[in-house]
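>>> what follows is a protein structure lacking sequence information:
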């Protein structure tokens, strides 16, 4: 199994985030996450670790708004170039003002554009965010290229993650939607399904594919009635226009254990089988694990192994894309538990 990883992720080190209720805390999405996974994967005899190629901006602009991508590329340098503001440390850019839904003009000011293009306070932009995000997307695109060349499985060790990033915004530690960029590329060569198993709803992916019928998008996640992202991920959100019926959310209650999760997974797998895709993209978050500090599920490592077994049993060419997971001590073991099913099929 080819595993795509880039050291560029080390350039992205957000010093803080503004957590629920307004607390300024150390960021949960840290370089250690990817390094723990890399160390674990290196121990597996089936892993072939490779750097990604540079696929340029075209595959990214195929799913993201050009104005947003330009903002992401230039925002930190523009922030640093501003005259000094007393008392403000220019180590990470976050907005202070967000537009109401009906007012969506693009402001000239940097902070105005930050409010437009940044959906929350959990995705600060630092000096290394752009390069890390670009290389993360290239990891996913490299994995997609493997499938197009006839490989049955690839793993994109993406950091930062991507599934909360929508067409024109970053959010929830995510800047470029790696899974969506890869799925869009694959969809040019055949129907593609996305099965998001991160604890949090894949709202950015939903946003990108909501009006399309060539990509089936499914997300199994914590109910947004009590969990981030709150405003998307409900069961009645099933697509619009040509995409009606091609998006499915499976919101689950707090405390969902392995058995309950697997029961829902079987329903999702039946939908994928009926869609009969050529390719499968799996945004994989390990924050569904019982010991995750940002999750409220009770899925065990054994449960994660069984989840991988059930998905791999579809027999589809599959790209696993790393998303969340914040119990760093267990992260490597859980990723291996998921991946070994694909490596051994």
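Good, I have the coordinates. From a predicted model like this one, the values you see are computed outputs, not experimental measurements.
>>> where does pLDDT dip in this protein?
Residues of the chain meeting the criterion pLDDT under 70: 84-89.
>>> C-terminal to the lengthiest helix in it, what's the next element?
Assignment by DSSP state H gives helix 129-148 as the longest helix of the chain. As assigned by DSSP states H and E, the chain's next helix or strand after helix 129-148 is strand 153-156.
>>> chain center to that following strand: distance?
Mean C-alpha position of strand 153-156 versus that of the full chain (C-alpha atoms, centre = their mean, to the nearest Å) differs by 14 Å.
>>> what is that strand packed up against?
For strand 153-156, the contact count by 3 or more C-beta pairs under 8 Å, 6 or more residues apart in numbering; DSSP states H and E identifies strand 2-4, helix 129-148, strand 318-322, helix 328-343 as packing neighbours. The way it works is simple: take the backbone N, C-alpha and C, and place the C-beta from them, glycine included.
>>> report the strands that pair with it, each with its relative direction.
Strand pairing for strand 153-156, using DSSP bridges, gives strand 2-4 (parallel), strand 318-322 (parallel).
>>> make JSON lines from these and add distance to residue 344 and mean neighbour count to it.
Conversion of the strands paired with strand 153-156 to JSON lines gives the following (distance: least, C-beta to C-beta, whole Å; neighbours: other C-beta atoms under 10 Å):
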{"stretch": "strand 2-4", "distance to residue 344": "15", "mean neighbour count": "23"}
{"stretch": "strand 318-322", "distance to residue 344": "13", "mean neighbour count": "30"}
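>>> residue 27: which of those strands is closest?
Ranking those by proximity to residue 27 (C-beta to C-beta) places strand 318-322 first, at 16.8 Å.
>>> so what touches the closest one?
Contacting residues not belonging to strand 318-322 are listed as 34, 37, 140, 143-144, 146-147, 152-159, 161-162, 178-179, 182, 186, 279-284, 311-312, 335, 338-339, 342 [C-beta atoms under 8 Å, 6 or more residues apart in numbering].
>>> rewinding a little: buried stuff in the longest helix of the chain?
Along helix 129-148, these residues count as buried under the neighbour rule (16 or more other C-beta atoms under 10 Å): 129-130, 132-147.
>>> can you give me the helices for the protein?
Secondary structure of the chain (DSSP H): helices at 31-42, 58-61, 66-81, 110-117, 129-148, 178-187, 203-209, 258-275, 301-312, 328-343.
>>> what's the most buried one of those helices?
Of all the helices of the chain, helix 178-187 has the most neighbours on average by mean count of other C-beta atoms under 10 Å, namely a mean of 29.
>>> that one packs against which elements?
helix 58-61, helix 129-148, strand 192-196, helix 203-209, strand 215-222, strand 279-284, strand 318-322.
>>> and residue 252, which of those is closest to it?
Closest to residue 252 of the helices and strands packed on helix 178-187 is strand 215-222 (C-beta to C-beta; 6.2 Å).
>>> pairing partners for the closest one, with directions?
Strand pairing for strand 215-222, determined by DSSP bridges: strand 192-196 (parallel), strand 247-252 (parallel).
>>> just name the most buried of those.
Compared across those, strand 192-196 shows the largest average neighbour count, a mean of 28 (mean count of other C-beta under 10 Å).
>>> and that strand with helix 258-275, angle?
170 degrees (axes from the mean of the first three to the mean of the last three C-alpha atoms, to 10 degrees).
>>> and strand 192-196, how far out from the chain's middle?
Using C-alpha atoms, centre = their mean, the offset of strand 192-196 from its chain centre is 12 Å.
>>> and the contacts of that strand?
Residues contacting strand 192-196 (C-beta under 8 Å, 6+ apart): 163, 179-180, 183, 186, 202, 205, 209, 214-221, 268-269, 272, 275, 277-283, 285, 311, 316, 323.
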